[in-house]
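>>> turn this into a structure:
(chains A and B)
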Amino acid sequence: DQQVKQNSPSLSVQEGRISILNCDYTNSMFDYFLWYKKYPAEGPTFLISISSIKDKNEDGRFTVFLNKSAKHLSLHIVPSQPGDSAVYFCAASVRAQKLVFGQGTRLTINP
Amino acid sequence: NAGVTQTPKFRVLKTGQSMTLLCAQDMNHEYMYWYRQDPGMGLRLIHYSVGEGTTAKGEVPDGYNVSRLKKQNFLLGLESAAPSQTSVYFCASRGPGLGSFSEQFFGPGTRLTVL
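Numbers count the residues shown, from 1 in each chain, chains lettered A, B, ... in the order given. Down below sits the predicted model:
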């Protein structure tokens, strides 16, 4: 039973436009959500996070939105840049101890 | 700081062989984790440790053992490798606390092929 799901394996966006990556979860006990970015042949790197007591968190070009009633979170990247091309994983945790990851979405930014 | 390092980077094993993957972190982190990444399945937790001398099972622990004899090191062992263990293995660590401190720092990965 996949507790965290990213239903879009890939996404292609034009440079300068907005990229929206989506993630759904089933476990209502999750209280912390994170997005990681991964380049080929490297480990994932932390991008942005949000606590379940908030519904939005911004960091520069990156914004994460959390809709607890829908058990849905999304990552917005605006404007999208070529260096944003990577695989993005959403992850969720209960009391921060263990992370449950989604399957990942490969984002490609086209010039 | 080197952060999280993993040894080796690549390895090819024959079915039935054993090996140990080493993870080292220089951030004085309490928590350490081993994940495997397979196509279309994201990262799945194998085992983790909440401190020196402690280990616990994750989502997919079968066929693996771990040890945390020193705070900075977390070893992942395969006693009898199987083709199903062909994967990319990632180690991660994090410090104590909640909120932003729940961020995990990942190593570069070990690509393991079992023939």
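>>> contact partners for the residue most central in space within chain B?
What sits nearest the mean C-alpha location of chain B, by C-alpha atoms, centre = their mean, is B:Trp34, with 2.6 Å. The contact partners of B:Trp34, taken as C-beta atoms under 8 Å, 6 or more residues apart in numbering or on different chains, are B:21, B:23, B:45-48, B:58, B:64, B:66, B:74, B:76, B:89-91. For the C-beta atoms, the positions are set from N, CA and C on the backbone; glycine is no exception.
>>> list only buried entries from those residues.
Neighbour counting over these (16 or more other C-beta atoms under 10 Å in any protein chain shown) leaves B:21, B:23, B:45-48, B:58, B:64, B:66, B:74, B:76, B:89-91 as the buried ones.
>>> mind putting those residues into a markdown table with pLDDT and secondary structure?
Output for the buried ones among the contacts of B:Trp34, formatted as a markdown table (pLDDT from 0 to 100; DSSP: H, G, I helix; E, B strand; the rest coil):
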| residue | pLDDT | secondary structure |
| --- | --- | --- |
| B:Leu21 | 98 | strand |
| B:Cys23 | 98 | strand |
| B:Leu45 | 96 | strand |
| B:Ile46 | 97 | strand |
| B:His47 | 97 | strand |
| B:Tyr48 | 96 | strand |
| B:Gly58 | 94 | coil |
| B:Tyr64 | 98 | strand |
| B:Val66 | 98 | strand |
| B:Phe74 | 98 | strand |
| B:Leu76 | 98 | strand |
| B:Tyr89 | 98 | strand |
| B:Phe90 | 98 | strand |
| B:Cys91 | 98 | strand |
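>>> export the residues you listed to a markdown table and tack on distance to A:Ser10?
Converted to a markdown table, the buried ones among the contacts of B:Trp34 look like this (distance: C-beta to C-beta, whole Å):
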| residue | distance to A:Ser10 |
| --- | --- |
| B:Leu21 | 30 |
| B:Cys23 | 30 |
| B:Leu45 | 25 |
| B:Ile46 | 27 |
| B:His47 | 31 |
| B:Tyr48 | 30 |
| B:Gly58 | 27 |
| B:Tyr64 | 31 |
| B:Val66 | 34 |
| B:Phe74 | 33 |
| B:Leu76 | 30 |
| B:Tyr89 | 24 |
| B:Phe90 | 21 |
| B:Cys91 | 27 |
